[in-house]
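Asker: pasting a predicted model and its sequence here:
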Amino acid sequence: MPYYYSPYYSYNSSGLLLVLVCAIFAMWASHNVNSTFKKYAKQFSRRRITGAQAAQRVLSANGVHGVRIERVSGNLTDHFDPRTNVIRLSDSVYDSTSTASIGVACHEAGHAVQYAQGYAPIKLRAAVIPLTNFGTKIAWPLMLLGVLLSSMSYAFYNLVYVGIACFSLSLVFQLITLPVEFNASRRAVAAIEQGGILYEDELEGAKKTLRAAALTYVAAAATSLAQLLRLLAIYGRRRRD
């Protein structure tokens, strides 16, 4: 069989190496956000404002009403649920006065403000979630089915590319997520500064926590891209073989 050289990376080594590098980056980013949060969870605001109070201040400053703020169990399980219009803050954030907790709480309040103000990327992300969930569930079965049935008729191999297209939806979701998260962090920092929630010398703790969290989304997007490129290299090569 003729050897096909992928323009992205060689079949066995380079592609796998890229995926591994991205996976290591993702693990480091996850460790980094946890260690950064733990570090600044020990730096307490002199104004003694809790995470829940800070989130409420962000909402009020932006004229957003009707959003509940609730406690949720776990560590860094904080999120905004647009379906119920609830900001859920973890045990380590809800009533903590640390700079890390205030940064996280204000970030989640930033998401609530995004929805209230009709921020386009977050509406787009919400719209693609059902499609992304469906696509990632059927991607691998379609690719496997395409490979198995291609022995009967090579036309079935097209199922592989349909599966890869479904898998690529996860990358689309990750790419849409990036501006959403970055914007929420910018809103959080601006609200903290303008609202006087933290003193200037305390603000760096919140900023570093948010930057560390942002890297986890960058790592997720990079990993999805690397996996997609490797799939294209592997199955593209097989088709040409």
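Answerer: The structure has been received and is ready for your questions. Model, not experiment: these values are computed from the prediction.

Asker: least confident secondary structure element in the chain?
Answerer: Least confident helix or strand, the chain: helix 203-240 with a mean of 88, by mean pLDDT, DSSP states H and E.

Asker: so which elements touch the helix or strand where Ile122 lies?
Answerer: Following DSSP states H and E, one finds Ile122 within helix 120-149. Packing contacts for helix 120-149, counted by 3 or more Cβ pairs under 8 Å, 6 or more residues apart in numbering; DSSP states H and E, involve helix 99-116, helix 158-195, helix 203-240. Bear in mind the C-beta positions are built from the backbone N, C-alpha and C, glycine included.

Asker: before we move on, the earlier item: check which residues of the least confident helix or strand of the chain are buried.
Answerer: For helix 203-240, burial by neighbour count (16 or more other Cβ atoms under 10 Å) applies to 203, 205-210, 212-237.

Asker: and the gap between Thr77 and Ala226?
Answerer: 27 Å (Cβ to Cβ, to the nearest Å).

Asker: again, but for Ser185
Answerer: 25 Å.

Asker: nearest residue to the middle of this protein?
Answerer: Tyr217 (4.0 Å; Cα atoms, centre = their mean).

Asker: tell me the pLDDT at the closest residue to that one other than its chain neighbours?
Answerer: Excluding the flanking residues, the one nearest Tyr217 by Cβ to Cβ, 6 or more residues apart in numbering is Glu181, at 5.0 Å. pLDDT for Glu181: 97.

Asker: show the contacting residues for Glu181.
Answerer: Contacts for Glu181 (Cβ atoms under 8 Å, 6 or more residues apart in numbering) come out as Ala213, Ala214, Tyr217.

Asker: now the closest residue to the first one other than its chain neighbours: which helix or strand?
Answerer: The spatial neighbour of Ala213 that comes closest, neighbours along the chain excluded (Cβ to Cβ, 6+ apart), is Val33 at 5.1 Å. When elements are defined using DSSP H and E, Val33 is found to belong to helix 14-40.

Asker: the following helix or strand past that helix packs against which elements?
Answerer: Where DSSP H and E defines the elements, the next helix or strand beyond helix 14-40 is helix 51-61. Applying 3+ Cβ pairs under 8 Å, 6+ apart, one finds that helix 51-61 makes contact with strand 68-72, strand 86-90, helix 91-94, helix 99-116, helix 158-195.

Asker: between helix 51-61 and helix 99-116, how many degrees?
Answerer: Counting by axes from the mean of the first three to the mean of the last three Cα atoms, to 10 degrees, helix 51-61 points 30 degrees away from the direction of helix 99-116.
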